[in-house]
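# All I have is the shape, not the residue letters:
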């Protein structure tokens, strides 16, 4: 019991850089953005900049949760953006063109996400292909597959259940916030409540040692990719629900990079071996918070890209062991 | 193999080529690539009447010159064990930079020169960061991608038409017998081949990709090699940007969208594994031509939907990845 408590403390410690970054951002907004912390309840719905950040950050948060697990096994999943597009296309075409019930559409999207994850997992864990290459296959072909489903069109739908996924509110809280929070809770229960988290870290830390210690390394890796695929499909459902359509070309475009950034910022080591789900979500919130803050200060969206580049570099340098060693020497 | 000291370096290299032939294990992916290319070409020639015309060969080269240029640089980066995600955005940046400079009254030549300098300098900066701070290449070049794309959009969100007599002449040559973009691609591919195969720098790049520590112990100046590899990639991307402005007669900040993905795919299909330390320029050129052939063949086969192209490329990629993996496994035993 004490061990698990210690592990929990360690996990929280890993999220510290992301928490600090979010804290800095909040402090900046407290000083320079009037009304940033204002919360209002309009029509029984929570509204305000903070809610907006969490609401819009949900998609990357979901991706970052799955990505953190995959990276912790020593891999990376470049296909999550394409999987989002496939999942959205699956749900939209099932409802709009095949008259399926929305629940069947959701189940279909999740199944497709799991299948995509299983494909990646089979290549990485089964065939032993380098993760960056294995997931590149689906990154390249995935959008093609999504367009195949939608027939190259943007498939629109208007279904109360699907619309509710992104646009709905429960007790005044936007659904994306609840979904992301639910995914985080589920992820924590799965990884820290069971030994899965330990196995994932053992696999990423030293695969051979883990295998000799009796960890079923291949199964652990495959599980991480499947979970990542499912998380990506939920994110795809959110994105499709947001615009009430499946846009195979643009859904989730470049989000794999945001997800990797969020996970790394959140204390997940790129070399594998350790992860923090709380940190990954905080990382995602930082990225969205940065975007929203710049937007509120009338910075053009193009300059936002440049600021993001700076953030990526700052994060890289902050987690670089060489920089740490150099700072430590002083 | 016994290395004979001698002055006939070129001949020795040729002999090495022959000795290794297509039978040595590291050349099997290359042989597979060339085989796929020839089979595809033969299939197209048989299935589509009139495919063996100079016009088709022209289209193949003109349509893929920009991608090919990017792939030359990307091949060096991947052989060195790295990756460069910034190339697509670098194309957009150099394209819009040239157009906006010419719009402000610059002569196209210095504008090209500045764009190429910026590309090379940007790549060198990324290479320095990657080496100096031991950062993962894909994160650093990701930052470069954001910076280039944001910068390009800040120059102008709308496409700028280039109105200059010299530029117009060069662009018109694009439909003449010697399209400048193709000349650039062929010259760059030739130079890339020579540099990779017959220079010290080329061997250093392979050594670096084989293992950084062992390369250092062998006396490779790792820092310089890494910086130059990314500088070459940036330079090639800027060249592709120049080619794009010639092809469209305009600069566009969104030019080169997803080009990094196409380039990586073409290089891997060309038999260069992403794990570094192996690969060849010949394979890359074959990979680019396979890309082009699929694009040429699909409309003729009645497939007008672009998504089948992506799926076909993904399928090819999968095939080559599994092939390479199979070879690695056999060699490992």
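Yep, it's here. What you see is a predicted model; the values in this text were computed from it and never measured.

# Give the buried residues for the helix or strand harbouring residue B:324.
The secondary structure element spanning residue B:324 is helix B:306-332 (assigned by DSSP states H and E). For helix B:306-332, a neighbour-count test (16 or more other CB atoms under 10 Å in any protein chain shown) marks B:307-314, B:316-318, B:320-321, B:324-325, B:327-328 as buried. (C-beta placed from N, C-alpha, C; glycine too.)

# Likewise for stretch A:23-37?
If you call a residue buried by 16+ other CB under 10 Å, then stretch A:23-37 has these buried ones: A:25, A:26, A:29, A:36.

# Could you give the number of residues near whichever residue of the stretch 201-330 of chain A sits closest to chain B?
Distances between the stretch 201-330 of chain A and chain B by CB to the nearest CB are smallest at residue A:305, namely 2.9 Å. The burial count assigned to residue A:305 is 21, neighbours taken as other CB atoms under 10 Å in any protein chain shown.

# Now the phi/psi pair for it, please.
Note on residue A:305: backbone dihedrals following degrees, to the nearest 10 are phi -60, psi -40.

# Likewise for residue A:154?
Dihedral angles for residue A:154 - degrees, to the nearest 10 - are phi -90, psi 110.

# That one: neighbouring residues, count only.
With other CB under 10 Å as criterion, residue A:154 counts 15.

# what do you get for residue A:73?
Close neighbours of residue A:73, defined as other CB under 10 Å, add up to 31.

# hmm, back to that, switch the buried residues of stretch A:23-37 over to JSON lines; also include pLDDT and distance to residue B:302.
Listed next are the buried residues of stretch A:23-37 as JSON lines, based on pLDDT from 0 to 100; distance: CB to CB, whole Å:
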{"residue": "A:25", "pLDDT": "87", "distance to residue B:302": "54"}
{"residue": "A:26", "pLDDT": "90", "distance to residue B:302": "58"}
{"residue": "A:29", "pLDDT": "88", "distance to residue B:302": "56"}
{"residue": "A:36", "pLDDT": "83", "distance to residue B:302": "57"}
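
# of all these, which comes closest to chain B?
Minimum distance to chain B across these is 18.0 Å, recorded for residue A:25 (CB to the nearest CB).

# now the closest residue to chain B within the stretch 1-150 of chain A, nearest residue through space, not along the chain?
Among the residues of the stretch 1-150 of chain A, residue A:141 lies closest to chain B, at 2.3 Å counting by CB to the nearest CB. With CB to CB, 6 or more residues apart in numbering or on different chains as the measure, residue B:314 is the residue that lies nearest to residue A:141, at 2.3 Å, once sequence neighbours are left out.

# pLDDT weak spots in chain A?
Low-confidence segments of chain A, defined by pLDDT under 70, span residues A:1-5, A:7-8, A:11, A:319, A:321-322, A:324, A:327-330.

# again, only this time at 50
Counting by pLDDT under 50, the low-confidence segments of chain A come to A:1.

# That one: strands as residue ranges?
Counting by DSSP state E, residue ranges of the strands within chain A are A:40-42, A:45-47, A:155-156, A:169-170, A:173-174, A:245-246.

# among these, which is the most enclosed?
Among these, judged by mean count of other CB atoms under 10 Å in any protein chain shown, the one packed with the most neighbours on average is strand A:245-246 (a mean of 26).

# Spell out whether it and chain B are in contact.
No. Strand A:245-246 lies apart from chain B when judged by CB under 8 Å from any CB of the partner chain; the minimum separation is 13.3 Å.

# Which helix or which strand is home to residue B:256?
Remark: residue B:256 resides in no helix or strand, with elements defined by DSSP H and E.

# okay, it: pLDDT?
The predicted local confidence for residue B:256 comes out at a pLDDT of 88.

# Can you name the residues of the stretch 201-333 of chain B that neighbour chain A?
Taking CB under 8 Å from any CB as the test, the list of the stretch 201-333 of chain B residues beside chain A reads B:261, B:264-265, B:268, B:273-275, B:305-311, B:313-315, B:317-318, B:321-322, B:325, B:329.

# try it again with 6 Å
Residues of the stretch 201-333 of chain B that fall close to chain A, judged by CB under 6 Å from any CB of the partner chain: B:265, B:274-275, B:305, B:307, B:310-311, B:313-314, B:317-318, B:321, B:325.

# what sits against residue A:102?
A:95, A:159, A:161, A:162 (CB atoms under 6 Å, 6 or more residues apart in numbering or on different chains).
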